[in-house]
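[1] this one's structure only:
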């Protein structure tokens, strides 16, 4: 008896018998130059009803504390920022994380055109689960990390790492196709853009 | 636990019933128009949209035309990244693989990311028979599952339900499968979403095994991609110890950079957003982060049948955005249930016959569930020429009846027409007969079309199928050929 694998591959080859595999794939076009990328990024993130604050490196500590407003946060081990009263994640269980209000992470890339933040879960961003279970996600993006569009991000990102692309807070359009923020992921996304 | 499409009547019968449901028609008109407007707005702001469509179609077409190579590469990359790869020829085989993996971990429940492939193979019912509860975690899927209902849209399976109906389903059904809805639940969408959040959270936190599909599978890196909104996908892909992904073999793209046009095309076409809230990508097992046992089931289930069809092959480019459903004048009025499949709308009308063949009456009725207006082709982000495939599938349906002992009325009419058209004297005779019929109808018919032309209403006998839903215009009293002879091609005046 042939294995399912061999059988499927045989069916595929037989289905394509005589079909040329050569297809001219036109290159994906680029969006026109949009000028100030950081300004566009901020505007587009705000369109998703996420909160965005811009600050200088010196203001960062104070600003994060202000955004957290006393909420307890979990932070990844490599955050590189002192967050008062925070818990450093060294393998917290999901149940433990469920009892924590907020999370503070950095990001890998920001995409201006779509208002997207991408996490590649390096030590300054932590495991995927920590930026998922708490209800408030404070994400620090350096203005130098902002790229124009999706193809720029794809070129910078390493597919060998797990990636999470975030565009605004958790949302659904499942009820009468009306967008509602806040289902299973963090219901509040606060992006801090440092320049 | 959930409804079934098995035994659904053919489209005309199911559509007639759906058209009589005014609540359904109101819900659908509201929803499809909302999403159409949103899509038009975000697509309109991309100047290079047409070039992007061409790129997206090219990426998928190229992957399909060398599918065996890409599948082998994908398998290799996945294994290198620590995943276990399974192959499933059909639905039964795929369900069996998922059940075996779940059972090997002694679980009696799994959490599920919304996935068309697992719906297609009827995974939930299979697992239920094996004593494993499969919890749908997407809000719309939850509404369908709790309501013992059927999905009616690819993206928003509960599009046929309005907020008041959803509130009722949550209030009466949630308690039976976990945390009940709050007593004072209102029909505000935010409150309904909140109830779903509370209901699902305990399931996410305790689940050991998750089942997902994938929007894309990248061959050269072994990366799977899930595009979603709510975060239920991230929960399922991250929290459990074991992840099983059922992936149709047509989901393959060749390289990592091929994701670029796809991730720009899909959200704008699907939910009408510049980008969906969450996209997750993972390549096998990532030590210390997420599931440490990762299975991928590569599913055929009719895809190689569609692949062999030179005209229909392009349907496998589909990225399940549902833009074609939202613009379709037929879908907007009948809703998704009438199509009798998890794939409704224009794409369903071609995908079902391509995957399954046209030997059963229900599937054979689907290529006719269209006015061929072409709106679906215009919005398709990967340029699937749905009208052309519909016409080709209609031909397949006709071909499948060529050897019938009792030919259909349509076939008899076509034979008669061929006989008349093949000889000018026969044609002239037929024209005289039809002109006479035209004169009789103009004199006696009580039905007139806009513009005043006489028409026949409902006719008896074999013509009933045609005239049941249409007026038959009276034939002109003078044929074109008779007019040409009389006036020498218009040289001797137009009038009579």
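    It's in. Quantities reported herein were computed from a predicted structural model and do not represent experimental measurements.

[2] quick check, residue A:97 in a helix?
    Yes: counting by DSSP: H, G, I helix; E, B strand; the rest coil, residue A:97 falls inside a helix.

[3] Enumerate every residue touching it.
    Applying Cβ atoms under 8 Å, 6 or more residues apart in numbering or on different chains to residue A:97 gives the contacts A:74, A:129-130, A:133-134. C-beta coordinates here come from the backbone N, C-alpha and C atoms, glycine included.

[4] try it again with 6 Å
    For residue A:97, the contacting residues are residue A:133, by Cβ atoms under 6 Å, 6 or more residues apart in numbering or on different chains.

[5] State the pLDDT value of it.
    Note on residue A:97: pLDDT of 96.

[6] Next: residue B:388.
    We have a pLDDT of 98 for residue B:388.

[7] With adjacent residues omitted, what lies nearest to it?
    Nearest non-adjacent residue to residue B:388, counting by Cβ to Cβ, 6 or more residues apart in numbering or on different chains: residue B:311, 6.6 Å away.

[8] which SS class is residue A:118?
    Following three-state DSSP, residue A:118 is assigned to strand.

[9] quick check, the helix or strand of chain A with the lowest mean pLDDT touching chain B?
    Lowest by mean pLDDT, DSSP states H and E among the helices and strands of chain A is strand A:180-181, with a mean of 85. Yes: on the criterion Cβ under 6 Å from any Cβ of the partner chain, strand A:180-181 is in touch with chain B at residue A:180.

[10] which secondary structure elements does that strand contact?
    When contacts are defined as 3 or more Cβ pairs under 6 Å, 6 or more residues apart in numbering or on different chains; DSSP states H and E, strand A:180-181 packs onto helix B:189-206.

[11] pLDDT at whichever residue of chain A sits closest to chain B, what is it?
    Nearest residue of chain A to chain B (Cβ to the nearest Cβ) works out as residue A:185 at 2.6 Å. Residue A:185 is assigned a predicted lDDT (pLDDT) of 89.

[12] residues in contact with it?
    Contacts for residue A:185 (Cβ under 6 Å, 6+ apart) come out as A:132, A:170, B:231.

[13] mind checking pLDDT for the nearest residue to it once chain neighbours are set aside?
    Once flanking residues are discounted, residue A:185 sits nearest to residue B:231: 2.6 Å by Cβ to Cβ, 6+ apart. Per-residue pLDDT puts residue B:231 at 95.

[14] Let me know how buried residue 169 is, in neighbour terms.
    Using chain A here. Close neighbours of residue A:169, defined as other Cβ atoms under 10 Å in any protein chain shown, add up to 23.

[15] Oops, wrong one, chain B.
    21.

[16] these two touch, right, it and residue B:148?
    No: in this structure, residue B:169 is not within contact of residue B:148 by Cβ atoms under 6 Å, at 9.4 Å.

[17] For the spatially closest residue to residue B:28 that is not a sequence neighbour, give me its contacts.
    Using Cβ to Cβ, 6+ apart and skipping the chain neighbours, the partner closest in space to residue B:28 is residue B:335 (5.3 Å). By Cβ under 6 Å, 6+ apart, the contact list for residue B:335 reads B:18, B:24, B:28, B:152, B:160.
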